[in-house]
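**Q** 3D, please:
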Amino acid sequence: MKPVYRVMLISFFCLLLTLLSLGVGEISLSPAETCHYLYLVLTSPEGSGMVEQDVLQFIRLPHLVLSFFIGAGLAVCGAVMQAVMKNPLADPYLLGISSGASLGAVLAIALGIGMIGSFDGIGAAAFLGAGLVSLLILLISSISGKGEGLTLLLAGFALNAACSAAVSFFVTVVADTSKTRSIQFWMMGNIRADSWMAIGILAILVTVGCFYFFSQSRILDLMLMGDDLSLTMGQKLSTYRKVYIAVMALLVGAVVYMSGMIGFVGLIIPHGVRLLVGSSHGRLLPLAALTGGTFLCWADILGRNAISGLELPVGVMAALAGSPFFLWMLVSRKQVRR
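**A** As a prediction, the model looks like this:
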């Protein structure tokens with residue numbers, strides 16, 4: 001099958017699965033009913049008093065939109081990070097951005113910071129932590145005079161170790177059981193679809209960031225070839241790396257603000273899509289966005305419906321679904337090489 005047809009087929013399949021996910025839950029809806037109530041939501045957003053429409057409008061649709069954009073953002077950032085670092089095991093959290101976010105959130109929880117006006121204090125602290133770590137990485141890279149992937153990786157590794165140690169220290173010091181449980185729950189990831197305004201802001205940030213990276217597909221392809229070859233073609237990649245890391249920090253910080261830590265999406269989705277359509281970022285990035293969004297939608301649905309009366313963190317469900325696939329992929333690649 002030609003790559004363009006494969007891309008179209010995968011895109012259609014992802015969009016269909018995303019739409020069908022609206023009908024899954026304690027109140028089950030057929031595809032026809034889902035489309036009917038979705039039409040009612042769009043034409044009469046004030047509500048009609050029907051339970052099915054209210055469930056779709058106020059619970060499932062916000063969760064669907066938020067989880068889709070979070071998954072899309074993480075998957076695209078994962079694909080970009082793998083190109084920037086020339087490392088197939090890289091993910092959006094590789095450079096210590098996640099540890100910085102975790103440290104910010106743990107400090108907010110330990111200090112008892114809740115809502116700051118209309119903003120979530122814990123999420124805002126996590127966003128600031130991710131941003132500060134990213135700025136430190138870029139500063140260290142600028143001081144060293146190098147923007148190669150190895151320099152960025154070592155700087156991120158050092159900051160990751162420092163932030164992780166600080167997180168462990170604060171978790172140990174905080175004796176309050178409720179605060180400790182809040183820290184653990186936040187670090188496992190949780191989709192909180194509380195406000196359409198917050199969801200809309202995240203959707204705009206992710207969309208703009210994704211389209212920016214879509215426009216950079218040629219540079220990302222050059223990064224896979226290496227700095228020396230790119231220099232002969234008139235492209236200095238160190239500057240692009242710094243810009244990409246700054247944009248990824250903004251996207252990851254926004255995602256962490258809304259959902260906490262969700263792993264595996266930025267690692268396994270780019271791998272799976274690359275197996276289907278190849279390494280060209282012109283095809284890889286858009287499909288990674290669609291596939292990542294669809295994957296996290298279903299992870300969120302499974303977390304809310306797998307056990308009656310209990311909502312499992314979406315990060316746990318993403319890891320449970322993603323780790324077997326990742327292990328299978330490693331084994332299959334090893335067999336192919338033989």
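**Q** Is it correct that residue 62 is in contact with residue 193?
**A** Yes - taking contacts as C-beta atoms under 8 Å, residue 62 lies within contact range of residue 193: 3.5 Å. Glycine gets a C-beta too; all of them are placed from N, C-alpha and C.
**Q** Touching both of those two, which residues are there?
**A** residue 199 (C-beta atoms under 8 Å, 6 or more residues apart in numbering).
**Q** And the closest residue to residue 321 other than its chain neighbours, how far from residue 292?
**A** Closest residue to residue 321 apart from its sequence neighbours, by C-beta to C-beta, 6 or more residues apart in numbering: residue 299 at 6.0 Å. Per C-beta to C-beta, to the nearest Å, residue 299 is found 10 Å from residue 292.
**Q** Show me whatever sits in contact with both of the two.
**A** residue 71.
**Q** for the helix or strand containing residue 136, packing partners?
**A** Here residue 136, judged by DSSP states H and E, is contained in helix 121-144. Packing contacts for helix 121-144, counted by 3 or more C-beta pairs under 8 Å, 6 or more residues apart in numbering; DSSP states H and E, involve helix 97-110, helix 149-173, helix 237-259.
**Q** just these: most buried one?
**A** Of all the helices and strands packed on helix 121-144, helix 97-110 carries the top mean neighbour count, a mean of 26, counting by mean count of other C-beta atoms under 10 Å.
**Q** that older thread, quick one: mean pLDDT over the helix holding residue 136.
**A** Averaged over helix 121-144, pLDDT sits at 80.
**Q** what's next to that helix, contact-wise?
**A** Under C-beta under 8 Å, 6+ apart, the answer for helix 121-144 is 95-105, 107-109, 113-116, 147, 151-152, 155-156, 159, 163, 186, 242, 245-246, 248-250, 252-254, 256-258, 260.
**Q** Just the pLDDT at the residue nearest to residue 286 when sequence neighbours are not counted, thanks.
**A** Using C-beta to C-beta, 6+ apart and skipping the chain neighbours, the partner closest in space to residue 286 is residue 214 (6.3 Å). Here, the pLDDT recorded for residue 214 equals 94.
**Q** Let me know the pLDDT of the closest residue to residue 217 other than its chain neighbours.
**A** Distances taken as C-beta to C-beta, 6+ apart put residue 281 closest to residue 217, at 3.8 Å, once the chain neighbours are dropped. You'll see residue 281 listed with a pLDDT of 90.
**Q** And residue 334, by the same measure?
**A** We note a pLDDT of 53 for residue 334 in this prediction.
**Q** Report how many residues lie close to the nearest residue to residue 105 once chain neighbours are set aside.
**A** Take residue 105 and drop its neighbours on the chain: the residue closest to it by C-beta to C-beta, 6+ apart is residue 126, 4.1 Å away. Applying other C-beta atoms under 10 Å, we find 31 residues neighbouring residue 126.
**Q** which SS state does the residue sitting nearest the centre point of the chain fall under?
**A** Geometric centre of the chain, nearest residue: residue 74, 2.4 Å, by C-alpha atoms, centre = their mean. For residue 74, the assignment made with DSSP: H, G, I helix; E, B strand; the rest coil gives helix.
**Q** How much space separates it from residue 41?
**A** Residue 74 is 27 Å from residue 41, by C-beta to C-beta.
**Q** likewise residue 331?
**A** 44 Å.
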